[in-house]
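J.: okay, here's the prediction I keep looking at, along with the sequence it came from:
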Amino acid sequence: MQRNLLTVLTIVMGVLILSPSLQAESPAAPKEDVASLEQKSREAFEAEKWVSFYSANMKLHQLLPYETGYVVNIVKACALLDRKSTAYHYMLQLQQQGVSYDFNADDETQGIRDTEAYQHINNLLKDAGNTAGEGDVVFEMPGNAADYRALAWDESRGKFLVGTVREGTLLALSTSGESEVLLKASDENGLWSITGLSVDTENNRLWIASTASPSFINFTVADKGHGALFELDLKTLEIVGRYNVPVDGLEHELGSLAVSQDGHVYVIDRATPIIYTKLPNSDRLEAFFANPAAGEFDDIAVTPDNSRVFVSDVEKGILVIDPNARQARMLSGPEAMNLGGIESVSYLDHHLYIIQGRFSPQRIIRLELDPSGGVAQSVSPMAIALEGFNRPGVGAIQGDRLYYFANTGSGDESGAILMSTPLAAGAAAVQPRLDGLTPAIAPEKAQQN
């Protein structure tokens with residue numbers, strides 16, 4: 001991008017929230033810095049400069065702490081430098097975060113395998129990929145699972161609402177899988193791909209985020225970068241409002257949206273790290289938050305009272321925004337918490353329900369939040385590597401269960417699997433017993449500099 005993002009947004013779109021506290025607290029870094037360090041890591045590995053390889057990956061780990069590949073490289077570097085205890089320390093860090101990995105598959109670790117500590121921790125890492133937790137198939141649908149990018153529960157119809165990317169179709173699905181087409185993109189209604197849905201039964205409103213995606217069957221180059229938030233009468237499906245993304249010359253791809261009880265609507269932009277809002281009684285979509293150092297926003301949730309907005313960043317975890325105090329920070333929590341690879345985030349009663357479809361192993365976890373909403377007090381795995389999991393994606397809460405498309409990574413027309421997991425499934429993660437191994441996994445002080 002040739003122009004400074006913040007300058008463009010401030011001038012073109014008006015009010016913008018970018019909290020100084022977020023810039024100070026977030027591990028974010030400009031993408032070119034990450035790219036430069038990754039290049040240094042590759043060059044150091046090829047030249048067998050293991051100290052430089054270690055150093056580059058330590059810096060990358062500090063910038064993107066949820067990216068497990070950097071920690072794997074740190075373990076390899078420590079093994080090649082004969083720093084066994086430091087290698088074991090970082091292996092254990094991965095294991096405590098729930099990561100599944102087998103270091104026996106890496107030739108670089110041959111020098112650290114001859115100890116009880118290595119064998120114990122590596123076995124725990126491999127076991128982390130075992131199937132665990134609860135999940136049931138609700139029904140299967142025809143087509144490509146990746147086409148279903150929006151999901152919501154409509155209490156007024158007693159059905160799920162599903163939006164598709166390719167044809168911009170809005171479907172109503174019964175709990176037994178029977179489908180009905182409610183709406184389809186056309187020149188008349190102006191819809192493109194449906195990428196976000198939210199149902200407001202109290203106010204008889206259906207909110208649809210729609211974007212001119214290249215995957216849309218009627219996509220044209222002239223539509224590139226266009227998107228809009230649509231307000232519909234929930235009962236009649238009449239479009240009563242359309243709020244276009246401001247024209248600013250930037251790339252745009254509207255995605256998930258969330259609505260508070262008082263009518264604040266929030267929608268994410270996946271192409272450019274912006275969150276838009278449509279305020280109650282407003283007639284336009286406005287920039288609410290932007291951070292050029294963000295990775296990629298993927299999902300959003302809001303508390304009913306509009307006191308907290310939660311936004312998942314694929315690379316960095318969950319951003320917590322206080323709309324009233326106009327502050328933002330990354331969600332913190334136990335050291336064992338890893339929030340990488342999030343596909344979906346849902347909020348209910350001081351808990352976040354997280355679907356990590358781009359994590360290994362693919363899993364669903366529950367975070368219990370403290371009263372401030374900015375700290376996770378516990379992490380509870382709910383479902384891990386279940387049969388049918390192939391990059392589980394968009395989710396929605398209905399009753400006491402979380403529903404989600406389980407196989408959005410299939411990439412073919414084999415069908416979409418809708419699964420559900422009880423909200424109460426699983427329990428807070430417990431750290432493994434390490435009797436007698438603690439001295440062997442303490443990182444050497446020399447490697448902490």
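T.: Here it is on my side, so go on. What you see is a predicted model, and the numbers here were worked out from it, not measured in a lab. Numbers count the residues shown, from 1 in each chain.

J.: where do the strands sit along the stretch 201-350 of the chain?
T.: For the stretch 201-350 of the chain, the strands defined by DSSP state E, counting those that start in this stretch cover 205-211, 227-233, 239-244, 254-259, 265-269, 274-278, 286-290, 297-302, 309-313, 317-322, 327-330, 344-348.

J.: got the ones you listed as CSV, with distance to residue 196, mean neighbour count and mean pLDDT columns?
T.: Glycine gets a C-beta too; all of them are placed from N, C-alpha and C. As requested, these are arranged in CSV below (distance: least, CB to CB, whole Å; neighbours: other CB atoms under 10 Å; pLDDT from 0 to 100):
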stretch, distance to residue 196, mean neighbour count, mean pLDDT
strand 205-211, 3, 26, 97
strand 227-233, 8, 20, 96
strand 239-244, 13, 16, 96
strand 254-259, 4, 25, 96
strand 265-269, 6, 27, 96
strand 274-278, 11, 24, 94
strand 286-290, 15, 21, 91
strand 297-302, 8, 24, 95
strand 309-313, 13, 26, 95
strand 317-322, 17, 23, 95
strand 327-330, 21, 19, 92
strand 344-348, 12, 21, 97
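
J.: of the ones you listed, which is nearest residue 48?
T.: Of all the strands of the stretch 201-350 of the chain, strand 317-322 sits nearest to residue 48, with 33.7 Å by CB to CB.

J.: using PDB, write out every CA atom in that closest one.
T.: Output of strand 317-322 as PDB, limited to C-alpha atoms (Å, rounded to 0.1, in the frame of the first residue of the first chain):
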ATOM      1  CA  GLY A 317      -5.300 -13.200  19.100                       C
ATOM      2  CA  ILE A 318      -8.300 -11.200  20.300                       C
ATOM      3  CA  LEU A 319      -8.500  -7.500  20.400                       C
ATOM      4  CA  VAL A 320     -10.800  -6.100  23.200                       C
ATOM      5  CA  ILE A 321     -12.300  -2.700  22.600                       C
ATOM      6  CA  ASP A 322     -14.100  -0.500  25.100                       C
END
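
J.: distance between that strand and the chain's centre?
T.: Chain-centre distance of strand 317-322: 12 Å, with CA atoms, centre = their mean, to the nearest Å.

J.: re the thing from before, and the strands of the stretch 201-350 of the chain as a markdown table, adding distance to residue 198?
T.: Compiled in a markdown table, the strands of the stretch 201-350 of the chain are given as follows (distance: least, CB to CB, whole Å):
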| stretch | distance to residue 198 |
| --- | --- |
| strand 205-211 | 4 |
| strand 227-233 | 10 |
| strand 239-244 | 14 |
| strand 254-259 | 5 |
| strand 265-269 | 7 |
| strand 274-278 | 11 |
| strand 286-290 | 16 |
| strand 297-302 | 9 |
| strand 309-313 | 13 |
| strand 317-322 | 17 |
| strand 327-330 | 21 |
| strand 344-348 | 12 |
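
J.: correct me, but residue 418 touches residue 408?
T.: No - Residue 418 lies out of contact with residue 408 (CB atoms under 8 Å); the separation is 11.1 Å.

J.: spit out the residues that contact these two alike.
T.: Counting by CB atoms under 8 Å, 6 or more residues apart in numbering, residue 418 and residue 408 have no common neighbour.

J.: quick one: closest of the strands of the stretch 201-350 of the chain to residue 443.
T.: Distance to residue 443, taken as CB to CB, is lowest for strand 317-322 among the strands of the stretch 201-350 of the chain, at 23.5 Å.

J.: dump the residue contacts of the spatially most central residue of the chain.
T.: When CA atoms, centre = their mean is applied to the chain, the residue found nearest the centroid is residue 342 (2.6 Å). Shown in contact with residue 342 (CB under 8 Å, 6+ apart): 298-299, 312-314, 317-318, 354-359.

J.: what's in contact with the lengthiest helix in the chain?
T.: Longest helix in the chain by number of residues (criterion: DSSP state H): helix 31-46. Helix 31-46 is contacted by residues 50, 52, 53, 56, 57, 59, 60, 63, 64, 73 when judged by CB under 8 Å, 6+ apart.

J.: out of the residues you listed, who's the most crowded?
T.: Greatest neighbour count in the contacts of helix 31-46, by other CB atoms under 10 Å, goes to residue 57: 27 neighbours.

J.: am I right that that residue is in a strand?
T.: No - assigned with DSSP: H, G, I helix; E, B strand; the rest coil, residue 57 falls outside any strand and is helix.

J.: tell me where the stretch 1-150 of the chain has helices.
T.: Here the stretch 1-150 of the chain has its helices, by DSSP state H, counting those that start in this stretch, at 5-13, 20-25, 31-46, 50-63, 68-80, 84-96, 116-127.

J.: export the ones you listed to JSON lines and append columns for distance to residue 192.
T.: Conversion of the helices of the stretch 1-150 of the chain to JSON lines gives the following (distance: least, CB to CB, whole Å):
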{"stretch": "helix 5-13", "distance to residue 192": "21"}
{"stretch": "helix 20-25", "distance to residue 192": "31"}
{"stretch": "helix 31-46", "distance to residue 192": "27"}
{"stretch": "helix 50-63", "distance to residue 192": "35"}
{"stretch": "helix 68-80", "distance to residue 192": "35"}
{"stretch": "helix 84-96", "distance to residue 192": "41"}
{"stretch": "helix 116-127", "distance to residue 192": "43"}
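
J.: tell me which of the ones you listed lies nearest to residue 133.
T.: Closest to residue 133 of the helices of the stretch 1-150 of the chain is helix 116-127 (CB to CB; 14.1 Å).

J.: can you point out the buried residues in that closest one?
T.: Within helix 116-127, the residues scored as buried using 16 or more other CB atoms under 10 Å are 117, 118, 120, 121, 122, 124, 125, 126.

J.: so which of those residues comes closest to residue 77?
T.: Of all these, residue 77 sits closest to residue 118, with 15.5 Å by CB to CB.

J.: now the residue nearest to that closest one when sequence neighbours are not counted: how far from residue 179?
T.: Leaving aside its chain neighbours, residue 118 sits nearest to residue 112 (5.5 Å; criterion: CB to CB, 6 or more residues apart in numbering). According to CB to CB, to the nearest Å, residue 112 stands 54 Å off from residue 179.

J.: which of these two has more residues huddled nearby?
T.: For the pair residue 112 and residue 179, the greater number of neighbours falls to residue 112 (24 against 16), based on other CB under 10 Å.

J.: tell me the confidence at the more buried one?
T.: On pLDDT, residue 112 comes in at 96.

J.: for residue 436, give me the pLDDT.
T.: At residue 436, the pLDDT value in this model is 63.

J.: repeat for residue 9
T.: Looking at residue 9, its pLDDT stands at 43.

J.: and what of residue 51?
T.: Listed pLDDT for residue 51 reads 97.

J.: and the nearest residue to residue 73 once chain neighbours are set aside, what does it touch?
T.: Computed as CB to CB, 6+ apart, the closest residue to residue 73 that is not its neighbour in sequence is residue 57, at 4.1 Å. Counting by CB under 8 Å, 6+ apart, residue 57 touches 41, 70, 71, 73, 74, 77.

J.: now, among the residues you listed, which is nearest to residue 422?
T.: The closest of the contacts of residue 57 to residue 422 turns out to be residue 71 (CB to CB; 31.6 Å).
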